[in-house]
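> structure for this input, please:
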Amino acid sequence: MCWYPILVLNGSTKPMIIYNVTSQIDPEIEKEWLRWMQESHLPSVFECGAFEAINILKIQTDAIESLNYAIQYVASSKAELQAYLDQYGESDQAAEKKRFGGKVLRFDTQLEIIHSIS
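Okay, the predicted model is just below:
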């Protein structure tokens with residue numbers, strides 16, 4: 001089992017919050033969606049300063065009909081995350097929906113890291 005090395009790199013011992021967005025991607029748009037996330041969307045989100053790290057993870061599954069990714073936005077506090085969501089959350093989701101329509105299905109969860117071993 002692997003733990004997030006970012007927690008050690010930032011020297012923080014306080015609880016951190018991961019805003020996890022799990023997306024099911026239509027195979028037709030996978031490359032375009034991934035390129036947009038890596039080159040446009042995530043860099044602009046990171047520049048807002050609300051997150052200490054953003055990770056793209058590909059969920060390993062045997063299902064051929066869809067591809068699943070998790071984007072993990074690491075925030076130093078729930079307040080930082082909430083401020084970001086209040087200011088940018090709806091517009092970020094709208095931009096993705098406008099660009100990719102129903103070819104991306106997503107759900108969001110908030111996770112609090114309460115213990116980590118590195």
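
> CA atoms for contacts and neighbours, from now on please.
Noted.

> quick one: least confident helix or strand in the chain?
Least confident helix or strand of the chain, by mean pLDDT, DSSP states H and E, is helix 6-9 with a mean of 42.

> past that helix, which element shows up next along the chain?
Moving toward the C-terminus from helix 6-9, the first helix or strand encountered (DSSP states H and E) is strand 16-25.

> what's near enough to touch K31?
Listed by C-alpha atoms under 8 Å, 6 or more residues apart in numbering, the contact set of K31 is empty.

> mind checking the SS state of it?
helix (DSSP: H, G, I helix; E, B strand; the rest coil).

> check contacts around the residue nearest the centre of the chain.
Nearest residue to the geometric centre of the chain (C-alpha atoms, centre = their mean): I71, 2.5 Å. Applying C-alpha under 8 Å, 6+ apart to I71 gives the contacts 20-22, 54-57.

> and if we set it to 7 Å?
By C-alpha atoms under 7 Å, 6 or more residues apart in numbering, the contact set of I71 is 20-22, 55-57.

> so which strand or helix has it?
Here I71, judged by DSSP H and E, is contained in strand 67-75.

> buried residues in the helix or strand following that strand?
The helix or strand immediately downstream of strand 67-75 is helix 78-84, counting by DSSP H and E. Buried residues in helix 78-84, counted by 16 or more other C-alpha atoms under 10 Å: 78, 81, 84.

> now flag whichever of the residues you listed is closest to L111.
When the buried residues of helix 78-84 are compared for distance to L111 (C-alpha to C-alpha), K78 wins out at 9.7 Å.

> isn't that closest one right up against I17?
Yes. Counting by C-alpha atoms under 7 Å, K78 touches I17, with 6.1 Å between them.

> re the thing from before, okay, the buried residues of helix 78-84 in JSON lines with pLDDT and distance to I113 next?
Shown next, in JSON lines, are these (pLDDT from 0 to 100; distance: C-alpha to C-alpha, whole Å):
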{"residue": "K78", "pLDDT": "93", "distance to I113": "11"}
{"residue": "L81", "pLDDT": "95", "distance to I113": "14"}
{"residue": "Y84", "pLDDT": "94", "distance to I113": "19"}
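
> that'll do, ta.
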